[in-house]
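Participant: Need a 3D model of the sequence below.
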Amino acid sequence: MTLVAGLVMTLLCLAVVATALIGLRGLASQYNVDRIVRVTLKTIHMLKNEQIPPVLPTQGIAGLQVVRPDGSVKSSSVLLRGKPRMAVFQPPDTTVRQDMVYCDSALWPDQCMVIVAIRVYSPEGDYLIYAADPVVPWYVDPRVDLLLLLGAGLIITVTTFGTYWLVGKALRPVDAISEELATITGSELDHRVPVPKNHDEIRRLAETANATLDRLEEAVEQQRRFASDASHDLRSPLTAMRAEVESALLDVETTDWAETGEAILASIDRLQALVDDLLQIARLDSGAPGRMDPVDLGQLAATELDRRRHRVRIIRDLQPGVIIMGDRLRLARVLTNLLDNAERHANSLVIVKVYEEDLCGVLEVVDDGAGIPPDKWEHVFQRFTRLDAARSRDVGGTGLGLAIARQICESHGGTLGIEDSVKGARFVLRIPVSR
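Facilitator: Coordinates of the predicted model:
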C-alpha cells in the first residue's frame, strides 16, 4: 500500500509539475512579447523625434531593426549591423502590429525567435520596426524547474513515509489478529483474537472473527459429544450381545439358545436402528438434496399409520388435500420418528392430526404421557438428548429420531417444535403448502 501511495503521489506531482510548467511557459512567453513590444515603443518614440542613431541600443533583446519605406535597413542593433532585414512580413492593413515565430532563419540558425513587427506612419511612407528575442523554452528556466522538482520530491517523500507510518499503525491490529489466528488449532479453540479499541472496520473484523470462533468451538464440542455418545450407544448393544454369548458358552448344554438368539436379535435391531440414524444424520449434514414432489400430507399420514403395528390406540383427524412439496421418503421418516416417540411415551392414546393453517400444512402428533417441561422443549431436539424426567431415552430409542425429524423439516423450509397441550406432549410440524 505504501508503494502504491508513493507511486500515485509521484504521478500526481508529475502532473502538477507539468501543468505548472505549461502555465509558467505561457506567462513567460507573454511577458517576453510584452518586453519586446516595450522596446519597439521606445524605438518609435526616437523615430518620431528623428533621434534614430545608426546603431540602436539592444535594450535586453536579441535584435532590433528600423526599415525604411523602400525596404532598406535604416538602423539596427549592434549584432545586426550590415545584415539584411530580419523578416519580410508586415502587419496587415487593419492593424499596426503582428507577431510571428521564425525558426532556423538566416540571422539565427538552429534557433526559434519571436519577431514583433510594428508599422509606423510617416508622410514619406510607412516605416517598419522589427524586434526579436528567442522563444521561451519548454522548461522555462532551469532554476524554476529545480524548485518545482525539489518541492515535488519533498511532497512525495513526506507522503510516502506518512503513508508507511499510518498504514503500519492501522494494520498493527491486523498483524495481532493474524498472529493469534495462527496459534489456533483443533485442540485449542478457546483462543480469541484481540479487539482494537477504535470503533472501525478492523474492530468489526475482530468481533466477527471471535463470533466465528465461538461458533466453531461450539460446533467442534458438539461433534465431540456426538462422537462420544455415538460410540457409547454403539458399544451398549455390542456389550449386551457379548454378555449373552459369553453367558451361553459357560453352560452350553442348559442354555436356552432360542432365548439367547432372541436377545441377540434385539441387540442387533437396536444396533441397526442406531446405524441407520447415524447414516441419515450424515446424509442430512452433507446437504444432499432430496426429491421435491407434490405430497398429500394427510394421505402420507394415513399410509404410514396403516402399515404400522400400534402399541396404543391411535385417533386420526386427517384433512385431505393438504399438498406440500417435499421428499416423500424423508417426510415419511419424520412421521415415523414422531409416532415412535409418541407411542413409547403414551399411556394409552396417540392423536394424529393433519390440516391447513396460514398457508402451511400442519401435522400434529399428541400423546397422553407425562409430557415435557417447557424449558426442555428445545433440548429434546438435540442429538443424543438425555432428560432427567420420565421421557428420557428409553430402550428402543436411539436419541436421534427427533433431531433427524427437525433437520428434515428445516430442509423443506418448515419447522418442528413442541407446543402447549392439555396432557402429554404435542409435536407440531409446519411446512408451506404448494399452490
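Participant: looking at this protein, which residue ends up farthest from its center?
Facilitator: Within the chain, E124 marks the point farthest from the mean C-alpha position, 86.0 Å out by CA atoms, centre = their mean.
Participant: That one and P69 touch, don't they?
Facilitator: Yes: applying CB atoms under 8 Å as the test, E124 and P69 come out as touching, 6.3 Å apart. For the C-beta atoms, the positions are set from N, CA and C on the backbone; glycine is no exception.
Participant: re the thing from before, hang on, the residue farthest from the centre of the chain in a helix?
Facilitator: No: counting by DSSP: H, G, I helix; E, B strand; the rest coil, E124 is not found in a helix; it is coil.
Participant: roughly how far apart are it and R309?
Facilitator: Per CB to CB, to the nearest Å, E124 is found 141 Å from R309.
Participant: try L339
Facilitator: Distance of L339 to R309, given as CB to CB: 11 Å.
Participant: Give me the more crowded residue out of those two.
Facilitator: L339 (23 against 5; other CB atoms under 10 Å).
Participant: what helix or strand is that one on?
Facilitator: L339 is located in helix 328-345, with elements delineated by DSSP states H and E.
Participant: Give the other helices and strands that that helix contacts.
Facilitator: Applying 3 or more CB pairs under 8 Å, 6 or more residues apart in numbering; DSSP states H and E, one finds that helix 328-345 contacts strand 293-296, helix 297-307, strand 349-357, strand 360-367, helix 401-411, strand 426-432.
Participant: Repeat the analysis, applying 7 Å as the threshold.
Facilitator: strand 293-296, helix 297-307, strand 360-367, helix 401-411 (3 or more CB pairs under 7 Å, 6 or more residues apart in numbering; DSSP states H and E).
Participant: Buried residues, that helix. List them.
Facilitator: Buried positions in helix 328-345, judged by neighbour count with 16 or more other CB atoms under 10 Å: 330-345.
Participant: Can you pull out the residues in contact with that helix?
Facilitator: Residues outside helix 328-345 that contact it (CB atoms under 7 Å, 6 or more residues apart in numbering): 290, 293, 295, 300-301, 304, 308, 311-312, 350, 365, 367, 369-370, 391, 394, 396-397, 401-402, 404-405, 408-409, 425, 427, 429.
Participant: Would you convert the helices and strands packed on helix 328-345 into TSV that also reports mean neighbour count, mean pLDDT and distance to A28?
Facilitator: TSV is the format used below for the helices and strands packed on helix 328-345 (neighbours: other CB atoms under 10 Å; pLDDT from 0 to 100; distance: least, CB to CB, whole Å):
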stretch	mean neighbour count	mean pLDDT	distance to A28
strand 293-296	15	92	86
helix 297-307	17	91	91
strand 360-367	22	94	84
helix 401-411	21	88	79
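Participant: Compare those and give me the one nearest I118.
Facilitator: helix 401-411 (95.8 Å; CB to CB).
Participant: tell me what the helix or strand just after that closest one is packed against?
Facilitator: Going down the chain from helix 401-411, the next helix or strand is strand 415-419, by DSSP H and E. For strand 415-419, the packing partners by 3+ CB pairs under 7 Å, 6+ apart come out as helix 401-411, strand 426-432.
Participant: Indicate which one of those is closest to V167.
Facilitator: Closest to V167 of those, according to CB to CB: helix 401-411, at 45.2 Å.
Participant: other SSEs contacting the closest one?
Facilitator: helix 257-285, helix 328-345, strand 415-419.
Participant: now the strands for this protein?
Facilitator: 55-56, 63-67, 73-77, 97-103, 112-120, 127-134, 293-296, 313-318, 323-326, 349-357, 360-367, 415-419, 426-432 (DSSP state E).
Participant: Turn those strands into TSV, including distance to P84.
Facilitator: Shown next, in TSV, are those (distance: least, CB to CB, whole Å):
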stretch	distance to P84
strand 55-56	16
strand 63-67	9
strand 73-77	7
strand 97-103	13
strand 112-120	14
strand 127-134	11
strand 293-296	106
strand 313-318	121
strand 323-326	103
strand 349-357	112
strand 360-367	107
strand 415-419	106
strand 426-432	103
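Participant: where does this protein dip in pLDDT?
Facilitator: Along the chain, segments meeting pLDDT under 70 span 1-2, 5-6, 186-187, 225-226, 228-230, 232-233, 236, 286-288, 385-398.
Participant: tell me the domain boundaries of it?
Facilitator: 2-134, 201-285, 293-432 (automatic domain parsing).
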